[in-house]
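Peer 1: Got a sequence here, can you model it:
(chains A and B)
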2 protein chains.
Amino acid sequence: MSSTADSHGVGARRLVRLAAVQDVLRRYPATPREESGESATVPPDAQAQALRNVLQSWHPADIAYVLECLPLEQRRLVWQQVPAEQDGEILLEVTDAVRESLIADMDRAEILEAVEPLDADELADLVEDLPEAVLPELMASLDVDEREQVQAALSYRDDQVGAVMEFEMVAIDEQLSLGAALAELRKLEALPPQTDKLFVINPARVLTGVLPLERLLLGAPEQAVNQVMAPDVNTFRAEDDIYHVAHAFERYDLISAPVVDAAGRLVGRLTVDAIVDVIRAQGDSEARSRGGLREEEDIFASVWKSVQNRWAWLAINLVTAFVASRVIGLFEGAIEKLVALAALMPIVAGIGGNSGNQTITMIVRALALEQITPGQLRRLWAKELQVAIVNGLLWGGVIGLVAWALYHNAALGLVMTAAMTLNLLLAAFAGVGIPMLMARLGRDPALGSSVLITALTDSGGFFIFLGLATLFLM
Amino acid sequence: MSSTADSHGVGARRLVRLAAVQDVLRRYPATPREESGESATVPPDAQAQALRNVLQSWHPADIAYVLECLPLEQRRLVWQQVPAEQDGEILLEVTDAVRESLIADMDRAEILEAVEPLDADELADLVEDLPEAVLPELMASLDVDEREQVQAALSYRDDQVGAVMEFEMVAIDEQLSLGAALAELRKLEALPPQTDKLFVINPARVLTGVLPLERLLLGAPEQAVNQVMAPDVNTFRAEDDIYHVAHAFERYDLISAPVVDAAGRLVGRLTVDAIVDVIRAQGDSEARSRGGLREEEDIFASVWKSVQNRWAWLAINLVTAFVASRVIGLFEGAIEKLVALAALMPIVAGIGGNSGNQTITMIVRALALEQITPGQLRRLWAKELQVAIVNGLLWGGVIGLVAWALYHNAALGLVMTAAMTLNLLLAAFAGVGIPMLMARLGRDPALGSSVLITALTDSGGFFIFLGLATLFLM
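Peer 2: Down below sits the predicted model:
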């Protein structure tokens, strides 16, 4: 992807909006009243008025984008001038880290007003970020149905369909004719967003099929719904794993799908926009985890918040580096006798870490796509160990020759080659084993596998190389 | 995500299909004719027949999934029994690596037959994977319109809208009434998949708005299209960056969007299913690049193919490790005098690499979301350098104390603390600078930034630590 703006199209529109806001902030500096004095030529609310003029009629997604791009103090100024009826939508749009900074700026009444227009499923997404003090009042403000829906949505884990589904949908009676169904629809002012099909139910509210809008449009009005409807094979349960379901949306190019309970009764709806967010969030969380960030970080977060977000991974890595350091410490005698060992040992550790991460990346992806079935462990191991032997002899051989030439010591070159091959075998063994074991234990293999393998190939690589050197060179 | 199958829902359906195919392969072993002899009780084509029975009426996406899960020789057996009319769809569905293995198994006539039912945009997606020998015949088999469309699609880079857009869409005259538009639609047998809106054009084929199906359904038949249509703000150009556009689909929850040329004439259509693939592919390519794989790898690829896919990154990493090794070589005299340096130096390099990757991960994400504007470089640097100082004094202090206690050498502890702090500052400086520079140069900052920073903090960390030790401890 490129970060530079193209001269037209969607990137430009957002950058123009950001520039407009930045321009207002520059033209009307927010001088505190006491400093500007009574004689100030710019009235204190000129900036607020100018911001309101700029922001009015923008799409909430665009305002969300501008807020994300602004440093904290400017973000606060803009947030205060956002039309109140858009507050809720914008809170849903912004990234988690930015949402936190916005909510921190709102009082109880403002929060209640902001969330008032939201649907139950949207409310459930926000609840965990709201201050606890506001929740009793918020729940009391809902009607019985809404309260039950919010509570239902909150009862599911983040990786379950129930946490993502919505309750707004159109269900029609299977006995109707297409014409009658259309007449029913016309009574609605609008369909829920992302409606590509209606859900067909029987009197017990059991889902019996789906009616794509297309069939409603193209079919003859006198046909019965249950004659033209499609039996829906893509029906999900609120307990389903959302990542499985995301793959189904991808594979079958779905736009919306019904969610049913154990008895087949319609309880909710999944839409592709929520699935897109799931896919994006999955990629982001994997990238974050590999990069060693605990959670999403606002680029304008305070130094202190950033330190908190990063210390856990730094601490884990310091511990593994310390273990590796103690492994080297075991062999200080050998290094004293042959100081070349100190210079060469990072190469052995490095190639193991790299190669192990290659294997893990491939296995994690195949696990995510469910391409690996239990019987294949031995086959995968066999292949990866063979790759390790080829790479070990090839690259280990090259570096062994270089070490020989540099230090005029053939035995050192041989030890180098042997150590690199053995560390590559260790990396291959663990590169398959660690993610498979984590999957077996029901953990996400994308999180943490990389740190584990690097720790293993570092300490293991130092131990193998320095151990072989002690055995054969001392 | 979890890799274990849940007991119901979408995961189960696919696993059941895989199990059915594996069962057939087990029950009818594919013994070559010559070995089984004339007296074999199982006729040689019993397996083929059983596979055909199992596969018939499956969704192409499900067959694609089963093919991805099978080792090469079994995959070939199943592929030969797939209904010929589904071959093209399946080739589109499978991963790139598996597609290659399937096409390798097809002769010229089979390939031409397989791609015959595909649309121009689908064909363009496949063309680069087809053997060159087949292309002239393939292009000759298309009609003029299709050939032009394929050539147009091939003329765009993978990261441009033109490479992803389709040509199948419904455009209606802005002068029609809703009733007349509906009558026009009824002449079609079906709408193109993912049609949520019709594109409204004037006689010069210039896009003047869009008509959501919802308005067609709910509006009064006598209203004119150009009275109820929406002016479409989300219109893209074939040259647009597809990642920008994907963000627009996410932000504005789009299902389809028109693509126009410089004169505003309608030339194509983008749909959310293609965008979902783009988002998934983006996450995958980032994960692959971080993991050091050149391209997507079939878990059942041959050892030789795997070695080819991985050697480039291993070579790059060996070069950077070799440079780090030569940096250490500069200080062999110091290590000989104080061997503790050899044990401690990986800690200094490690914390720098880690911390640098944390910074890069955050910056790369913010660049992808376009949250960083040019004026912010200094502010980001200031923050990251402050975080580095806090972490350096904190973790550097802890490790410094530990080093003092282990080696009874206070000066060594101080050098350790200083070296860790300096390497963290280097990591912060480069962690902001490298991705920003790559973005400025129009390169994708997600690819390669991580390797660069690790190389820098390894060699830099060794140099800083061993250099300080030489200055103050020798």
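Peer 1: For the strand or helix carrying A:H247, which helices and strands make contact with it?
Peer 2: Secondary structure assignment for A:H247, by DSSP states H and E: helix A:242-252. Using 3 or more C-beta pairs under 8 Å, 6 or more residues apart in numbering or on different chains; DSSP states H and E, the elements in contact with helix A:242-252 are strand A:256-260, helix A:272-291, helix B:9-27, helix B:60-69, helix B:272-291. From N, CA and C alone the C-beta is placed, and that goes for glycine too.
Peer 1: tell me the average confidence for it?
Peer 2: For helix A:242-252, mean pLDDT rounds to 92.
Peer 1: burial count for A:L154?
Peer 2: 15 (other C-beta atoms under 10 Å in any protein chain shown).
Peer 1: close enough to count as contact, it and A:D125?
Peer 2: No - judged on C-beta atoms under 8 Å, A:L154 makes no contact with A:D125 at a distance of 9.8 Å.
Peer 1: what ranges do the helices span in the stretch 301-450 of chain A?
Peer 2: With helices called from DSSP state H, counting those that start in this stretch, the stretch 301-450 of chain A shows them at A:303-330, A:332-337, A:340-368, A:377-391, A:397-407, A:410-440, A:449-473.
Peer 1: Please convert those to TSV, extending it with distance to B:P258.
Peer 2: Listed next are the helices of the stretch 301-450 of chain A as TSV, based on distance: least, C-beta to C-beta, whole Å:
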stretch	distance to B:P258
helix A:303-330	41
helix A:332-337	68
helix A:340-368	33
helix A:377-391	46
helix A:397-407	55
helix A:410-440	43
helix A:449-473	42
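Peer 1: Could I get these in a markdown table, plus columns for mean pLDDT?
Peer 2: Shown next, in a markdown table, are these (pLDDT from 0 to 100):
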| stretch | mean pLDDT |
| --- | --- |
| helix A:303-330 | 93 |
| helix A:332-337 | 95 |
| helix A:340-368 | 94 |
| helix A:377-391 | 93 |
| helix A:397-407 | 96 |
| helix A:410-440 | 96 |
| helix A:449-473 | 95 |
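Peer 1: To B:L130, which of the ones you listed lies closest?
Peer 2: Closest approach to B:L130 among the helices of the stretch 301-450 of chain A is made by helix A:340-368 (24.9 Å; C-beta to C-beta).
Peer 1: by how many degrees do the closest one and helix A:449-473 diverge?
Peer 2: 150 degrees (axes from the mean of the first three to the mean of the last three C-alpha atoms, to 10 degrees).
Peer 1: Enumerate the residues of the stretch 51-200 of chain A near chain B.
Peer 2: A:59, A:61-62, A:64-65, A:68-69, A:71, A:93, A:95, A:159, A:182, A:185-186, A:188-191, A:193-196 (C-beta under 8 Å from any C-beta of the partner chain).
Peer 1: worst average pLDDT in the helices and strands packed on helix A:242-252?
Peer 2: Of all the helices and strands packed on helix A:242-252, mean pLDDT reaches its minimum on helix B:9-27 (a mean of 81).
Peer 1: and that one, what other elements does it pack with?
Peer 2: strand A:236-237, helix A:242-252, helix B:46-55, helix B:60-69, helix B:72-81.
Peer 1: Only alpha carbons, please: show it as CSV.
Peer 2: The C-alpha trace of helix B:9-27 is given here as CSV (Å, rounded to 0.1, in the frame of the first residue of the first chain):
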residue,chain,number,x,y,z
GLY,B,9,-22.0,-25.2,11.5
VAL,B,10,-19.8,-24.2,8.7
GLY,B,11,-16.6,-25.7,9.9
ALA,B,12,-18.2,-29.1,10.2
ARG,B,13,-19.7,-29.1,6.7
ARG,B,14,-16.3,-28.7,5.1
LEU,B,15,-14.6,-31.3,7.4
VAL,B,16,-17.3,-33.8,6.6
ARG,B,17,-16.7,-33.3,2.9
LEU,B,18,-13.0,-33.7,3.3
ALA,B,19,-13.6,-36.9,5.4
ALA,B,20,-15.9,-38.3,2.6
VAL,B,21,-13.2,-37.9,0.0
GLN,B,22,-10.5,-39.3,2.2
ASP,B,23,-12.7,-42.2,2.9
VAL,B,24,-13.1,-43.0,-0.8
LEU,B,25,-9.4,-42.7,-1.3
ARG,B,26,-8.8,-45.2,1.5
ARG,B,27,-11.5,-47.7,0.5
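Peer 1: List the contacts of it.
Peer 2: A:234, A:236-237, A:240-241, A:244-245, A:247-248, A:370, A:373, B:5-6, B:47, B:50-51, B:54-55, B:58, B:62, B:65-66, B:69-70, B:74, B:77-78 (C-beta atoms under 8 Å, 6 or more residues apart in numbering or on different chains).
Peer 1: If any of those residues are buried, put those into a PyMOL selection.
Peer 2: To isolate the buried members of the contacts of helix B:9-27 in PyMOL, using 16 or more other C-beta atoms under 10 Å in any protein chain shown:
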select buried, (chain A and resi 234+236+237+240+241+244+245+247+248+370) or (chain B and resi 5+47+50+51+54+55+58+62+65+66+69+70+74+77+78)
